[in-house]
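A.B. asks: Sequence below, structure please.
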Amino acid sequence: MVAPAIGLDIGSSAVRAVQVTAGRRGPAVLERVGQVLLPRGAVREGEIADPEPVAQAVSTLWSRYAFKGSKVALGVGNQQVVVRKMDLPFMPEDELAQSLEFQVQDSIPIPVDQAILDFNTLENYESAQGERFNRVLVVAAHRQMVDSILGVVRGAKLEPTGLDLDAFAMLRSLVPEGFPGEGGEMLLDIGASVTNMVVHHDGVPHFVRILLMGGDSITSAVVDDLGVEYDEAEDLKAAVGMSEVSGLGREHDAARVITERALRFIDEIQGSLDYYRAQPDAIPVRRMVVCGGGSQLPNLRQRLAETLHMPVEHGHPMQSLKIGNVGLEAEQLVQAEPYLAVAVGLALGGMA
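C.D. replies: Down below sits the predicted model:
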């Protein structure tokens, strides 16, 4: 019997897990989905600030949703992670892996003895002078930050089996292998305090950026400006979003604050896209796909489309999965799907 693969996403507002099993002759089967909210401040900007409640939330997640097995694939995405596109002298991938720290030590802002390194090969090419190169995306993560994640997971009596970049997990779930490509796309996973951005072409990543911005900054602005409690600010954000609310009153004031803060976020996305497009090897980006809790802000998708002059669609991380007996109604799965891109991608990666 094939063992299930479980992806565990430790976000800033919640821990989420997805369990999948390889289909015998078809797609992978979704068997379990679960989420447990975290106390505010336990994870800050994607980094674990208070390990005990996070470990407790993970333990609760396992017991409440009856996940089978203790082996989990993990993701990481915060400012302690650096992603660089680099051209390195050609060598087989196993040799490149062994020599990576020497190849990149002068190109990343983390001492290599304090970093965990990995790479994703984009292409091999030959220069006009006949020299061969590997074009790679190099990922460097501070070892201390990674150790804090591993400590929490082990504290919940689970066994980490792999560590992936959240952005790559999102790409894996939103652009499954074998699905027809749409050419150059930008993917955005808008979380509570971290937004992962990937530009890809038919599933091959060309640009990755991690932004310390998300839905929580909008909620906090409403709290500060209107003097309301956090939960009420969340309700106002979900109700009015970037709408034009006429007259006076709390909803009008909330819409103004939400729109102002969300436009700053859109400007940051525009700046990142402009930066990428200025690169000599940039590919045309013709479409954007969004997911994550922050993507549910009313009218955000429309404003992004107007500003960036491209179609902006909602992503569907469960599109390649067969839905098993997960214990949720179809409508509940639809509501949960925007939050699951990283967890689904980690689980799919854990099957490899």
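
A.B. asks: show me the contacts for F90.
C.D. replies: Contacts of F90 were listed using C-beta atoms under 8 Å, 6 or more residues apart in numbering, and they are 124, 131-134. The C-beta positions use only the backbone N, C-alpha and C, and glycine is treated the same way.

A.B. asks: what's the burial count for the closest residue to G203 other than its chain neighbours?
C.D. replies: If the residues on either side of it in the chain are set aside, G203 comes closest to V175, at 4.6 Å by C-beta to C-beta, 6 or more residues apart in numbering. V175 is flanked by 25 other residues according to other C-beta atoms under 10 Å.

A.B. asks: Could you check how far V175 is from G345?
C.D. replies: In this view, V175 and G345 are 10 Å apart by C-beta to C-beta, to the nearest Å.

A.B. asks: Quick check: buried residues in whichever strand or helix holds V82?
C.D. replies: According to DSSP states H and E, V82 maps onto strand 81-89. Using 16 or more other C-beta atoms under 10 Å as the test for burial, strand 81-89 gives 81-83, 85-86, 88.

A.B. asks: Now, of the contacts of F90, which are buried?
C.D. replies: Buried by 16+ other C-beta under 10 Å: 133-134, out of the contacts of F90.

A.B. asks: Narrow the contacts of F90 to those in helices?
C.D. replies: Cross-referencing these against helices under DSSP state H gives no overlap.

A.B. asks: I'd like the contacts of F90 as CSV, with pLDDT appended.
C.D. replies: Below are the contacts of F90 laid out as CSV (pLDDT from 0 to 100):
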residue, pLDDT
N124, 92
E131, 93
R132, 95
F133, 94
N134, 93
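
A.B. asks: List the ones among the contacts of F90 that fall in strands.
C.D. replies: Counting by DSSP state E, the part of the contacts of F90 found in strands is 124, 132-134.

A.B. asks: biggest separation within those, which pair?
C.D. replies: R132 and N134 (8.1 Å; C-beta to C-beta).

A.B. asks: and the residue nearest to I110 when sequence neighbours are not counted, which of the three is it?
C.D. replies: Spatial nearest neighbour of I110, excluding adjacent residues (C-beta to C-beta, 6+ apart): A140 at 5.1 Å. Three-state assignment for A140 (DSSP: H, G, I helix; E, B strand; the rest coil): strand.

A.B. asks: what number of residues lie near A140?
C.D. replies: Using other C-beta under 10 Å, A140 has 26 neighbouring residues.

A.B. asks: doesn't L117 make contact with it?
C.D. replies: Yes. Judged on C-beta atoms under 8 Å, A140 makes contact with L117 at a distance of 5.4 Å.

A.B. asks: Which residues are in contact with each of the two?
C.D. replies: In contact with both A140 and L117: V104, using C-beta under 8 Å, 6+ apart.

A.B. asks: what's across from V76 in the sheet?
C.D. replies: Counting by DSSP bridges, V76 is bridged to L165.

A.B. asks: quick one: it and L163 touch, right?
C.D. replies: Yes. Contact criterion C-beta under 8 Å: V76 and L163 qualify, at 6.2 Å.

A.B. asks: which one of the two has more residues nearby?
C.D. replies: Just comparing V76 and L163: by other C-beta under 10 Å the higher neighbour count belongs to V76, 23 against 17.

A.B. asks: residue contacts, the more buried one?
C.D. replies: By C-beta under 8 Å, 6+ apart, the residues touching V76 are 46, 141, 145-146, 149, 163-166.

A.B. asks: how much space between S107 and V83?
C.D. replies: In terms of C-beta to C-beta, S107 sits 12 Å off from V83.

A.B. asks: Give me the common contacts of the two.
C.D. replies: Common neighbours of S107 and V83, using C-beta under 8 Å, 6+ apart, are V138.

A.B. asks: mind listing the helices for the stretch 101-250 of the chain?
C.D. replies: In the stretch 101-250 of the chain, the segments counted as helices under DSSP state H, counting those that start in this stretch are 143-155, 166-174, 215-226, 230-240, 250-277.
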